[in-house]
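Q: Model the following, please.
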Amino acid sequence: MIKKLKRIAKDLLAIPAVRKAYELANRGVLTAAGTTRLGATLYSIPGFGTFNREQFAVLSGRRAYYENLRRSRSSHVELRRNIHRLEKGILMRPRRDAFAKDYILETVDFYRTALRRGPQDPVMDASEMTWAHDVLAEYFAVVTVADPVVDRARAVFTSLEHSTTDGTVKPYVHGDIPQSDVTYEQLAALSMQRRSVRWFLDKPVERELLDKALLVGRQSPTACNRLPYEYLVFDDPAMVERVAGIPFGAAGYAHQIPTLIVVKGRLDSYFSPRDRHVIYIDAALASMGFMYALETLGLSSSVINWPDFEPLEAKMAKTLGLAPYERVIMLIAVGYADPTGLVAFSQKKDLDVLRSFNSLES
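A: Numbers count the residues shown, from 1 in each chain. Here you go, the predicted structure:
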């Protein structure tokens, strides 16, 4: 029935007079809805389904965030957030004598809970716990003034049984960062080398190369160091074809993609809807670094666009078994480029078009 109605609508829109009337009505509705917040609110009533999946994902993510606080997990986003906040306080200039008093007790409690549940989870992120310990230890080393809140937190932290660390996973001076030999010219050349490749050789992609590229990608900046994304890698041909056949953007070349990656964002990393867009920002930053790294390893890639289109969202969620708070950010095709395949020129905007200086409303 739905397909029949769509076909009828398509046939009607092929009639010039009907098409013109539709366009006029559409512009009128968008003018009314897109001019004021009130208009947008009224428009959202009949258009409820357009944004409902995202709203459900955000609310489901917030619910899962609080439920996760009571669960054993491999990674603890609440601890990661607070430890990074401590790092920023430690490196601040000038540094306050006592800082983080509004969340230091909470942070130590998060750390204590993670320590106690660690033995129940064989895949707990040991590097995360080392980082948390060393930053907390540094915090209590630099905050030496007497303060009842800090003293209570210090007492709890001191009483815990920690794993042995060398105490180096904490803020350090910029001058100690090892400098690479990569020049601007080399980086610019790499950016020109990386083209969106859609035609690949019939050759499998080594998993260890993907892991090496992911190590680069994960170094990308991320809000409060939460890394709210995961990379779902498919290199089984049948699975690749199944997943690659879902998005519109892979039509015509999905059948010969050697490896397909679904970049997934996790909205259960946040307790507030204010952060609902961070999964897209952080995952995109990491994915660009990942794709540049692939180029250095002889691999090529292309991003498969993932529009927020309800039928495809539902199909992908069912195929991958996604939780309501897990959102697909993008898909990335990876493989060895066919040297005879064409790539799009993709002329970029002129610099003066996409950049401005000191532009403020007067």
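Q: can we go C-alpha only for contacts and neighbour counts from here?
A: Noted.
Q: model confidence over the host helix or strand of S287, on average?
A: Per DSSP states H and E: S287 is located in helix 278-296. What helix 278-296 shows for mean pLDDT is 98.
Q: Give me the contacts around it.
A: 190-191, 193-194, 209-210, 212-223, 227-229, 263-267, 300-301, 329 (C-alpha atoms under 8 Å, 6 or more residues apart in numbering).
Q: who does the helix or strand L210 falls within touch, helix- and strand-wise?
A: Element membership of L210, judged by DSSP H and E, is helix 207-217. For helix 207-217, the packing partners by 3 or more C-alpha pairs under 8 Å, 6 or more residues apart in numbering; DSSP states H and E come out as helix 278-296.
Q: export stretch 74-87 as PDB, just CAs?
A: This file holds the C-alpha atoms of stretch 74-87, laid out as PDB (Å, rounded to 0.1, in the frame of the first residue of the first chain):
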ATOM      1  CA  SER A  74      35.300  -2.000  30.300                       C
ATOM      2  CA  SER A  75      35.400   1.800  30.200                       C
ATOM      3  CA  HIS A  76      33.900   4.400  32.500                       C
ATOM      4  CA  VAL A  77      32.900   7.600  30.700                       C
ATOM      5  CA  GLU A  78      31.900   9.400  34.000                       C
ATOM      6  CA  LEU A  79      35.400   8.700  35.400                       C
ATOM      7  CA  ARG A  80      37.100   9.700  32.100                       C
ATOM      8  CA  ARG A  81      35.200  13.000  32.100                       C
ATOM      9  CA  ASN A  82      36.100  14.000  35.600                       C
ATOM     10  CA  ILE A  83      39.800  12.900  35.400                       C
ATOM     11  CA  HIS A  84      40.100  15.100  32.300                       C
ATOM     12  CA  ARG A  85      38.500  18.000  34.200                       C
ATOM     13  CA  LEU A  86      41.200  17.500  36.900                       C
ATOM     14  CA  GLU A  87      43.900  17.500  34.200                       C
END
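Q: if we can go back for a sec, show me just the buried residues among the contacts of helix 278-296.
A: 194, 210, 213-214, 216-218, 220, 222, 227-229, 263-267, 300-301, 329 (16 or more other C-alpha atoms under 10 Å).
Q: Could you check how far the most centrally placed residue in the chain is from L351?
A: The chain has A283 as the residue nearest its centroid, 2.5 Å off, counting by C-alpha atoms, centre = their mean. With the distance defined as C-alpha to C-alpha, to the nearest Å, A283 ends up 25 Å from L351.
Q: What of A317?
A: Applying C-alpha to C-alpha to A317 and L351 gives a distance of 39 Å.
Q: Could you pull out the helices in the chain for me?
A: 2-13, 16-33, 37-44, 48-68, 77-90, 104-117, 126-142, 148-159, 184-193, 207-217, 237-244, 278-296, 310-320, 351-354 (DSSP state H).
Q: Show me what the fourth one is packed against.
A: Going back to what we said before, that points to helix 48-68. Against helix 48-68 (3+ C-alpha pairs under 8 Å, 6+ apart) you get strand 326-335.
Q: Repeat the analysis, applying 10 Å as the threshold.
A: Using 3 or more C-alpha pairs under 10 Å, 6 or more residues apart in numbering; DSSP states H and E, the elements in contact with helix 48-68 are helix 37-44, helix 77-90, strand 259-266, helix 310-320, strand 326-335.
Q: Mind giving me the packing neighbours of the first one?
A: Using 3+ C-alpha pairs under 10 Å, 6+ apart as the contact definition, the elements that helix 37-44 packs against are helix 16-33, helix 48-68.
Q: With mean pLDDT added, can I get those in JSON lines?
A: Output for these, formatted as JSON lines (pLDDT from 0 to 100):
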{"stretch": "helix 16-33", "mean pLDDT": "85"}
{"stretch": "helix 48-68", "mean pLDDT": "92"}
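Q: Go through those and pick out the most buried.
A: Of all the helices and strands packed on helix 37-44, helix 48-68 has the most neighbours on average by mean count of other C-alpha atoms under 10 Å, namely a mean of 17.
Q: quick one: it to strand 259-266, angle?
A: Using axes from the mean of the first three to the mean of the last three C-alpha atoms, to 10 degrees, the inter-axis angle of helix 48-68 relative to strand 259-266 is 80 degrees.
Q: Which residues does helix 48-68 contact?
A: With C-alpha atoms under 10 Å, 6 or more residues apart in numbering as the test, helix 48-68 has contacts from 41, 44, 76-78, 266-277, 308-310, 313-314, 323-327.
Q: now do 7 Å
A: L267, D268, S269, Y270, F271, S272, P273, R276, P324, Y325, E326 (C-alpha atoms under 7 Å, 6 or more residues apart in numbering).
Q: do the same with stretch 89-101
A: With C-alpha under 7 Å, 6+ apart, stretch 89-101 has contacts from L86, Y139, V143, V145, V149, V150, P171.
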